[in-house]
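*Asks:* Okay, predicted coordinates and the sequence, questions at the end:
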Amino acid sequence: MALYNISSPSGGEGKMAGFIIGELRRMGIPYRKDRCGNIYAVKGNRKSYPCVVAHMDEVHRRKTGTYAAHLVADSMIVGYDHRHKRMVGIGADDKNGIWICLKCLEDFKAVKCAFFVQEEVGCIGSSHADMTFFSDCRFVIQCDRKGNGDMITRINGMRLCSNEFISAIDPRKYGYKPAQGLATDVAALKRNGLEVSCVNLSCGYYEPHTDNEFTVKEDLMNCLYFVRHIIETCTKVYTYESTEGYHGHSPYAVSYTHLRAHETLANL
């Protein structure tokens, strides 16, 4: 619950970054921060790594300590403002993804994770990511999709992964199926030239960007099990360079940034 109780608005991710760094230090995992504030962690020493990413910011702009997350009937996590006696959003978009990253770092001997700033206002952190970090990755997984069954393989006309990768991970086994989605960090990485397959997975949050946001615990756990399955199963490099959609500094990329910023402001 500690993760949900940290306020982390876009541009104010300091407390969340501090929490993540504290966890990395506790686990003895090397990390570094870039000039944007993105955090890169590497566990183990391998020729290639599975990679899981998440974003540190949320659209909600409440202060830490003004609300609390609660587990209801051991099945649903909600936020509640006790002073005003009403539900509030807990930033499960993308604290659920952060939790999965930290669990993978805890559970596996070799894995890479990246935590990006300011996804909600146009993927600013991931658009300026150090792409050399991903040069030895087998694939990249992001858990930043609402619901419980979407495996995003295409964003704004740009394909993210190969058919070989989809076949290898067998998404139906965990109730997932390929779908098209909204822009997020893996799309920014693809525009920056990411050379391996990537996907964005539903991770159990619902009604994101609203005060009614909640997490279904069972769906979050199923996403974690699916990610573990992918890491354990996919031990080769799944190369995929998209030749579709927008790239680099095209007009499409500019429109994308403006779209996400407008969408975020509309939900504040």
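*Replies:* Cool, the structure landed. Numbers count the residues shown, from 1 in each chain.

*Asks:* contacting residues around Phe115?
*Replies:* Shown in contact with Phe115 (C-beta atoms under 8 Å, 6 or more residues apart in numbering): 17, 20, 38-39, 41, 53-56, 98, 101. All C-beta spots, glycine's among them, are computed from the backbone N, C-alpha and C.

*Asks:* one more time with 6 Å
*Replies:* Going by C-beta atoms under 6 Å, 6 or more residues apart in numbering, Phe115 touches 20, 39, 54, 56.

*Asks:* what does the model give the first one for pLDDT?
*Replies:* Among the per-residue scores, Ile20 holds a pLDDT of 98.

*Asks:* Confirm that it sits in a helix.
*Replies:* Yes - assigned with DSSP: H, G, I helix; E, B strand; the rest coil, Ile20 falls within a helix.

*Asks:* what residue ranges in the protein score low on pLDDT?
*Replies:* 243-268 (pLDDT under 70).

*Asks:* rerun at 80
*Replies:* Within the chain, the stretches falling below the threshold (pLDDT under 80) are 242-268.

*Asks:* Just give me the residue closest to the centre of it.
*Replies:* Ala54 (2.7 Å; C-alpha atoms, centre = their mean).

*Asks:* just to revisit the earlier point, can you pick the most crowded of the contacts of Phe115?
*Replies:* Highest neighbour count within the contacts of Phe115, by other C-beta atoms under 10 Å: Met56, with 30 neighbours.

*Asks:* about what we covered before: figure out the helix or strand that the residue nearest to the centre of the chain lives in.
*Replies:* In this assignment (DSSP states H and E), Ala54 forms part of strand 49-55.

*Asks:* Tell me the first helix or strand C-terminal of that strand.
*Replies:* Using DSSP H and E, the next helix or strand after strand 49-55 towards the C-terminus is strand 68-72.

*Asks:* Counting by contacts, list what that following strand packs against.
*Replies:* strand 76-81 (3 or more C-beta pairs under 6 Å, 6 or more residues apart in numbering; DSSP states H and E).

*Asks:* how close does Glu218 get to Leu71?
*Replies:* Per C-beta to C-beta, to the nearest Å, Glu218 is found 12 Å from Leu71.

*Asks:* picking that back up, pick the one among the contacts of Phe115 closest to Gly122.
*Replies:* Met56 (14.6 Å; C-beta to C-beta).

*Asks:* dump the residue contacts of the closest one.
*Replies:* Taking C-beta under 6 Å, 6+ apart, one finds 8, 13, 16, 115, 117 in contact with Met56.

*Asks:* cool, Asp107 as well?
*Replies:* Asp107 neighbours (C-beta under 6 Å, 6+ apart): none.

*Asks:* Likewise for Lys15?
*Replies:* Contacts for Lys15 (C-beta under 6 Å, 6+ apart) come out as 6, 64.

*Asks:* what about it, which SS state?
*Replies:* helix.

*Asks:* Could you check stretch 75-93 and say which residues are buried?
*Replies:* 76-80, 87-93 (16 or more other C-beta atoms under 10 Å).

*Asks:* Check stretch 179-192 too.
*Replies:* Going by neighbour count (16+ other C-beta under 10 Å), the buried part of stretch 179-192 is 179, 181-192.

*Asks:* returning to what we had before: make CSV from the contacts of Phe115 and add distance to Ala110 to it.
*Replies:* Formatted as CSV, these follow (distance: C-beta to C-beta, whole Å):
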residue, distance to Ala110
Ile20, 19
Ile39, 18
Ala54, 19
Met56, 23
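
*Asks:* Check those against Asn156 and report the nearest one.
*Replies:* Ala54 (20.3 Å).

*Asks:* Return the set of residues that bridge with that closest one.
*Replies:* Phe115 (DSSP bridges).

*Asks:* what about it, distance to Met27?
*Replies:* 16 Å.

*Asks:* Asn96 too?
*Replies:* Asn96 is 19 Å from Met27, where distance means C-beta to C-beta.
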